[in-house]
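Asker: requesting a structural model of the entry that follows:
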Amino acid sequence: MRVFVFLLLISNVLLWSWYRYRAPAIAPSQAATPSMGEMRLLSEIDPAGLDALAALTDEPPPASPPGPPARGENSEGRVIEPKPATPEPPNSPQCVVATGVDAVGALQALAAKWAAQGHRVMAQGEVQATREQFWVMLPPFRTSTEAHEVAARLRGRAVKDYYVVREGESRNAISLGVFSTREAAERRQAEIAGLRINGLKPRIQILERPATKQWLKVRPGEGLNPPTLPPGTETLILSEGPCD
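Answerer: Here you go, the predicted structure:
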């Protein structure tokens, strides 16, 4: 029994000596937790590292947001062909058109004058139209006797070119003249009003009469300014229009 206890004691001493001098030391921190390496955010990893990580995990790297479409492409990436520029039509030449009522002789003389200046007469013709005239008159009086009494007072003030209307809607009115322009009619109106005869208030009434309007179309000569109306043709009207 003593021998058995002694052998057991010797065995324990030998086992303790072997562990003490032969077994590798194990760090408590290593035995407690396995190694996990250094932790970093994805945003801190280089793009090349992301590719390597994706290859290890078989997962694609996060895609970057799409940028704006390139110039000449739409949002689907299709190339947009520029539309060809529409050529502007050439400027059509402008002609000068002179018109006048009952102005055959005036337009014929004007055509000869413009042709001599180097302009080209394109066409000439006439159309039916109306002509405005301006009638200066004293409104109708109640009776013919009253109208003739006023006419006598006008004659006493040296007024000429008047007469008493005997028929129509304006019967017993006193006509003081019919004029082709408003300016002339207004001068006659002011003349009669200036006599300061009691109760006389001359009026201007517009009359429309049928008339024939003549016209003349001329193309300005090459390098020349458009023709203008010469003195003495103030009754004509000048305008511009296409030569076609």
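Asker: state the number of residues packed around residue 111.
Answerer: Neighbourhood size, residue 111 [other C-beta atoms under 10 Å]: 17. In short, each C-beta sits where N, CA and C put it, glycine included.
Asker: and it, what element?
Answerer: Here residue 111, judged by DSSP states H and E, is contained in helix 104-116.
Asker: using PDB, list the CA coordinates for that helix.
Answerer: As requested, C-alpha coordinates have been extracted for helix 104-116 and formatted as PDB (Å, rounded to 0.1, in the frame of the first residue of the first chain):
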ATOM      1  CA  VAL A 104     -56.500 108.300-114.700                       C
ATOM      2  CA  GLY A 105     -54.600 111.300-116.100                       C
ATOM      3  CA  ALA A 106     -52.600 111.800-112.800                       C
ATOM      4  CA  LEU A 107     -51.500 108.100-112.700                       C
ATOM      5  CA  GLN A 108     -50.500 108.000-116.400                       C
ATOM      6  CA  ALA A 109     -48.300 111.000-115.900                       C
ATOM      7  CA  LEU A 110     -46.900 109.400-112.700                       C
ATOM      8  CA  ALA A 111     -46.100 106.200-114.500                       C
ATOM      9  CA  ALA A 112     -44.100 108.000-117.200                       C
ATOM     10  CA  LYS A 113     -42.200 110.000-114.600                       C
ATOM     11  CA  TRP A 114     -41.300 106.900-112.500                       C
ATOM     12  CA  ALA A 115     -40.300 104.900-115.600                       C
ATOM     13  CA  ALA A 116     -37.900 107.800-116.600                       C
END
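Asker: helices or strands up against that helix?
Answerer: Judged by 3 or more C-beta pairs under 8 Å, 6 or more residues apart in numbering; DSSP states H and E, helix 104-116 is in contact with strand 94-101, strand 120-138, strand 203-219.
Asker: using CSV, lay out these together with distance to residue 111, mean neighbour count and mean pLDDT.
Answerer: Formatted as CSV, the entries for the helices and strands packed on helix 104-116 read as follows, by distance: least, C-beta to C-beta, whole Å; neighbours: other C-beta atoms under 10 Å; pLDDT from 0 to 100:
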stretch, distance to residue 111, mean neighbour count, mean pLDDT
strand 94-101, 9, 19, 87
strand 120-138, 5, 15, 90
strand 203-219, 6, 15, 91
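Asker: want to throw those into CSV with distance to residue 168?
Answerer: As requested, those are exported to CSV (distance: least, C-beta to C-beta, whole Å):
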stretch, distance to residue 168
strand 94-101, 24
strand 120-138, 12
strand 203-219, 12
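Asker: quick one: closest of those to residue 236.
Answerer: In terms of C-beta to C-beta, the element of these nearest to residue 236 is strand 94-101, at 4.2 Å.
Asker: that closest one pairs with which strands, parallel or anti?
Answerer: For strand 94-101, the pairing partners within the sheet under DSSP bridges are strand 203-219 (antiparallel), strand 237-242 (antiparallel).
Asker: need these in JSON lines (columns: distance to residue 188).
Answerer: Shown next, in JSON lines, are these (distance: least, C-beta to C-beta, whole Å):
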{"stretch": "strand 203-219", "distance to residue 188": "9"}
{"stretch": "strand 237-242", "distance to residue 188": "23"}
